[in-house]
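[1] kindly generate the corresponding structure for this input.
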Amino acid sequence: MTAALLLGLGLLLMAIGMPVAFAIGIAGFTYFFLPDTFLPVNIGPQRIVSATQSFPLLAVPLFIFIGHLMNASGITPRLMRLSTLLAGWMSGGLAQASIVLSTLMGGVSGSAVADAAMQSRVLGQGMIKGGYSPGFSGAVLSIGGLITATIPPSIGLILYGYLGEVSIGRLFIAGLVPGFLLMVALMVTTYFVAKRRGYAPVRESRPSGREVLTAARASIWALLFPVWLLVGIRYGLFTPSEAGAFAVAYALVVGCVIHREMGVKEILAAMHASVRDIGMIMLIIMFSGIIGYVVSFERVPQTIAELTLGVFDSQIALLLTLAVLLVCLGMLLEATVVVMLLTPILVPVIKAAGIDPVHFGLLMMTLVTFGGMTPPVGISMYTVCGILRCSFIDYSRELVPFALAVLVVVLGIILFPDIVLFLPNWLMG
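    Below you'll find the model as predicted:
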């Protein structure tokens, strides 16, 4: 109850225009001043600092930096041309291209927030100038980052595999099909919305095979990068955070040596832009550490889990109940926090119920990441709306059809586990 009141206070402060990070921070600190709280207030600053002392979290600023470097190095423009060639002939061509770009970028960024921030910088204003409403543009760019939760190397899947003692290699392979299905579902939804509103294609005709081959050849270094990254992590050549450093070095080599489109000026500009985005996002994550501590201290996730689990005989009923739980928690907490809190609790439960932990891992990451794109405190939502200066109300309204498309894919994953499991079972036994 106390945690719910604090979250309500945070939402009230946001509603009156206070910056998100400070609203979350004030709500979190209020807990330590309540009459029935015996914890010292200095725990608050400690949690802010401890929220930054996470080695996997280092991947977030690195991958944000790689997004800006890719713009300067010529990687992103080439992927954008390829995406536009593949999907620009459809209704809402620029929005369709952004979803394809999210799929191509999924193996590079590893972070839904970083992907949404990068695409908002690259495509956001162009979509608005092209006649798309700010709310629709924000919804498309934010929800496209959901594909990053499944396509390797997903940071969340790595954390889930580590905490739940589940094969990360199987998780990576299992994520490919759900990622593709999400792309198709989002593109179909975009088509119908764009068709109804008259959002025009950006190409007059479908591409020829030669055009696609030429664009793919121009993007070869970007297309090969996810493969090398996957192999490197799969065989232990580097950790996920070290993969971020590898990505930065890779972009520098491609931009400065191969494409020769990036110099000192462009590198410094990318650093400057990265500091802005990193500062905004990390400040939210830091103050969210207080709320995360309060929620954990009050045993909110554990209490909800205990009330929810252990009463279902059907695997489908159990997964549907957990899906609702995970979406709700994803709305309130950063996806990584939810994964770290609930993985040690839920993995033994789903194993006892006979559910494959790889199947549940993809379901969990999709849902908690999706929660971060929805009200009331979704980090991806606030990131995109902040960059595009978009109203949260408009964003939320435009998100509805995309949310329904995502839930259809999630329902398919729950009802048909082989959608997730057939590929890792075929390749790894």
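
[2] how about the residue most central in space within the chain, nearest residue that isn't a chain neighbour?
    Nearest to the mean C-alpha position of the chain, counting by C-alpha atoms, centre = their mean, stands residue 112 at 2.0 Å. Leaving aside its chain neighbours, residue 112 sits nearest to residue 145 (3.7 Å; criterion: C-beta to C-beta, 6 or more residues apart in numbering). Any C-beta I mention is one placed from the backbone N, CA and C, and that applies to glycine too.

[3] quick one, what contacts that neighbour?
    102, 111, 112, 113, 115, 116, 119, 369, 373, 380 (C-beta atoms under 8 Å, 6 or more residues apart in numbering).

[4] could I get the full set of helices for the stretch 301-429 of the chain?
    Assigned by DSSP state H, counting those that start in this stretch, the stretch 301-429 of the chain shows helices spanning 315-332, 335-352, 357-371, 379-388, 392-415, 418-428.

[5] out of the ones you listed, deepest packed?
    Most buried of those by mean neighbour count (mean count of other C-beta atoms under 10 Å) is helix 357-371; its value is a mean of 26.

[6] off-centre distance for the longest helix along the chain?
    Counting residues, the longest helix found in the chain (DSSP state H) is helix 264-297. Centre-to-centre, helix 264-297 and its host chain are 15 Å apart (C-alpha atoms, centre = their mean, to the nearest Å).

[7] would you mind listing the buried residues in that helix?
    For helix 264-297, burial by neighbour count (16 or more other C-beta atoms under 10 Å) applies to 266-267, 270, 273-274, 277-278, 280-296.

[8] how many residues are close by residue 37?
    Residues near residue 37, counting by other C-beta atoms under 10 Å, number 14.

[9] please disregard the earlier target; I meant residue 47.
    Residue 47 has 21 nearby residues by other C-beta under 10 Å.

[10] surely residue 336 meets residue 159?
    Yes - using C-beta atoms under 8 Å, residue 336 is in contact with residue 159, at 6.3 Å.

[11] quickly find the element holding residue 44.
    Using DSSP states H and E, residue 44 sits in helix 43-50.

[12] how about residues contacting that helix?
    Contacts for helix 43-50 (C-beta under 8 Å, 6+ apart): 25, 28, 29, 32, 286, 287, 289, 290, 292, 293.

[13] out of those, flag the one nearest to residue 355.
    residue 292 (26.5 Å; C-beta to C-beta).

[14] one step back: okay if I get the contacts of residue 145 as CSV plus pLDDT and distance to residue 58?
    Shown next, in CSV, are those (pLDDT from 0 to 100; distance: C-beta to C-beta, whole Å):
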residue, pLDDT, distance to residue 58
102, 78, 23
111, 62, 11
112, 72, 17
113, 71, 14
115, 71, 17
116, 75, 19
119, 73, 22
369, 87, 19
373, 84, 23
380, 77, 19
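
[15] thinking again about what came up before, which two in the contacts of helix 43-50 are spaced the farthest apart?
    32 and 286 (16.4 Å).

[16] end to end, how far does stretch 37-50 reach?
    21 Å (C-alpha to C-alpha, to the nearest Å).

[17] sorry, back to before: which one of the helices of the stretch 301-429 of the chain lies nearest to residue 243?
    That would be helix 335-352 among the helices of the stretch 301-429 of the chain, by C-beta to C-beta, at 16.0 Å.

[18] what angle do the closest one and helix 264-297 make?
    50 degrees (axes from the mean of the first three to the mean of the last three C-alpha atoms, to 10 degrees).

[19] what packs against helix 335-352?
    Contact partners of helix 335-352 among helices and strands, from 3 or more C-beta pairs under 8 Å, 6 or more residues apart in numbering; DSSP states H and E: helix 155-164, helix 264-297, helix 300-308, helix 315-332, helix 357-371.

[20] name the helices or strands packed onto the fourth one?
    To tie it back to what came earlier, the one meant is helix 315-332. In terms of contacts (3+ C-beta pairs under 8 Å, 6+ apart), helix 315-332 is packed against helix 300-308, helix 335-352, helix 357-371, helix 392-415.

[21] and the last one, how far from the chain's centre?
    What it means is helix 392-415. 14 Å.

[22] who are the packing partners of that helix?
    helix 134-144, helix 176-197, helix 315-332, helix 357-371, helix 379-388, helix 418-428.

[23] TSV please, covering those and showing distance to residue 351.
    As requested, the helices and strands packed on helix 392-415 are arranged in TSV below (distance: least, C-beta to C-beta, whole Å):
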stretch	distance to residue 351
helix 134-144	31
helix 176-197	20
helix 315-332	12
helix 357-371	6
helix 379-388	30
helix 418-428	15
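
[24] select from those helices the stretch with the lowest mean pLDDT.
    Ranked on mean pLDDT, the bottom entry among these is helix 379-388, at a mean of 78.

[25] what about it, distance to the chain center?
    Distance, stretch centre to chain centre, for helix 379-388: 12 Å (C-alpha atoms, centre = their mean).

[26] any stretches of the stretch 101-250 of the chain with poor pLDDT?
    Residue ranges of the stretch 101-250 of the chain with pLDDT under 70: 106-111, 114, 153, 155, 202, 226, 229-230, 233-236, 239-241.
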